[in-house]
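[1] With the input below, show me the fold.
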Amino acid sequence: MSNLIIRRAHIKDGEALKDIKISGGKITEIATDIQNDNNSKEIDAKGNVVLPSLIESHIHPDKAFLEDRKPNKSGTLEEALKNTAELKKLYTFEDVKKRAEKVLRWSILNGTTIMRAQPDVDPYEKTLGVEVLVHLKEKFKDVLDMQIVAFPQEGIIQSPGVLEMMEETIKMGADIVGGCPYSEKTMEDTKKQLEVVFDLAEKYNLPIDMHADFGTNADDPQNTCIELICDMTIARGYQGRVAIGHVTTLGSLDPEVAAPIFDKIAKAGVTIVPLPVTDMFMTGRTERKNIPRGMAPVMAMMEHGVNIAYSSNNIRNAFTPFGNADLIAVGYLLQVSQQMGSADQRRAVLDMVTYNAAKALGISDTYGLEVGKNADLNIYDCDDISNLINDQPLIRYVIKRGEIIVQNDLTRTMASVLMED
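    Numbers count the residues shown, from 1 in each chain. Take a look at the predicted model:
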């Protein structure tokens, strides 16, 4: 590993610029005017923002780029599941690999070098998605750290053999036990699935990552499982080891009803992962007016101490016909939809896709812009962290364990000349 010094880095709004020294893939010093005593390569950040790597905490590379094959004309979850199930029957290793690899490459180019991927494990795809991502995890290991979730999209109780396939994928290399409680036919089976998921996670001492409460009807018990999950988390001693994507139904609760639930989520140490593009595209389809945003209430949960980490979820398929694996763009949508307009709130949105996501993935001990942490860093062409998402800036450098893996040269265009004072 080479040695590197980043000069004149903006690492915190309102503070002086700093130099960052990197050796052996780790940050070894952060100070002003660091001496280059070992002939290290140097980058002049020129006052630009330096952040730790973005983290994609919930994404489905195996299902990416399927929209053109079978569009979701109604935009509903029901049609998305139906269309995708039909397409999964036709999957081959090379097909899934080609589409998933494209997502990984786009992610890296957009400054994401840490990812939690969620391939389906079900009667249609079987274990193929996990097999492909285990292969890609090894192929991209020098530029991308990947965790793999065994995700039972079609349920466990209603889909005989899926539990056995999930256990098989853990032996292949899946790192996380997934769950999808709303996929079962009855509330009784939903409860059974939750027990099975926790049992499997305990057996292999693995974290849990679920899709849950994906709707707007707070009277539907299968889409109001968050309290049950939190109770199980506490009872099983799994605090800090459970993440849940979607949880949009929470946005339909009255504040006085929701507040104690938020407190319970915080007590259980459960991370909530809103998926803004999918959540707002798919929910509220039956409403005729005042259509809800269909999002978990981010700011209210933050006020109660809940860890929030947003993500992309899907890229151009029946669930989400948008996206380019750009988490800064997704953050723009989140801050607008959640009315997070102040400078502190906009910085909090960036925390969701960096430090909060690291906590969700259980990597806080190695992640961050601090001495001793992995040198996984991005340099952006902007000089204000609070406006980074607003600016949607070009990434000048993506650095993985101290090595430059992406470099974009800035050119002085006529447009930039015209905008100068």
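
[2] how far away is the residue nearest the centre of the chain from Cys382?
    By CA atoms, centre = their mean, the chain has its centre lying nearest to Ser57, at 2.3 Å. Distance, Ser57 to Cys382, using CB to CB, to the nearest Å: 23 Å. (C-beta placed from N, C-alpha, C; glycine too.)

[3] Quick check: which helices or strands does the host helix or strand of Lys98 pack against?
    For Lys98, the host element (DSSP states H and E) is helix 93-109. The contact analysis (3 or more CB pairs under 8 Å, 6 or more residues apart in numbering; DSSP states H and E) places helix 93-109 against strand 54-59, strand 112-117, helix 128-139, strand 395-400, strand 403-407.

[4] Give the residue spans of the protein that score low on pLDDT.
    Applying pLDDT under 70 to the chain flags the ranges 410-421.

[5] Domain-wise, how is it divided?
    4-52+368-419, 54-361 (automatic domain parsing).

[6] For the last one, what is the distance to the chain centroid?
    Using CA atoms, centre = their mean, to the nearest Å, the mean C-alpha position of domain 54-361 is found 8 Å from that of the whole chain.

[7] what about that domain, start to end distance?
    End-to-end distance for domain 54-361, by CA to CA, to the nearest Å: 12 Å.

[8] Look up phi and psi at Ile265.
    phi -60, psi -40 (degrees, to the nearest 10).

[9] and what of the one 10 residues further on?
    Taking degrees, to the nearest 10, you get phi -120, psi 80 for the backbone angles of Leu275.

[10] residues near it, how many?
    Other residues within reach of Leu275, judged by other CB atoms under 10 Å, total 29.

[11] how far away is the residue lying closest to it once chain neighbours are set aside from Lys203?
    Leaving aside its sequence neighbours, Leu275 sits nearest to Asn313 (CB to CB, 6 or more residues apart in numbering; 3.8 Å). Going from Asn313 to Lys203 by CB to CB gives 28 Å.

[12] Of these two, give the one with the bigger neighbour count.
    Asn313 (28 against 11).

[13] gap between that one and Ile176?
    The gap separating Asn313 from Ile176 is 16 Å, by CB to CB.

[14] do the same with Pro221
    Applying CB to CB, the value for Pro221 to Ile176 is 26 Å.

[15] what do you get for Leu81?
    Leu81 is 22 Å from Ile176, by CB to CB.

[16] Which one of these two is surrounded by more residues?
    More crowded of Leu81 and Ile176, by other CB under 10 Å: Ile176, with 23 against 16.

[17] which residues touch the closest residue to that one other than its chain neighbours?
    Nearest in space to Ile176, with sequence neighbours left out and distances taken as CB to CB, 6+ apart, is Val149 at 4.1 Å. Contact analysis of Val149 by CB atoms under 8 Å, 6 or more residues apart in numbering lists 116-119, 174-178, 209.

[18] Swap in 7 Å and give it another go.
    116-118, 174, 176, 178, 209 (CB atoms under 7 Å, 6 or more residues apart in numbering).

[19] Alright, I will stop here.
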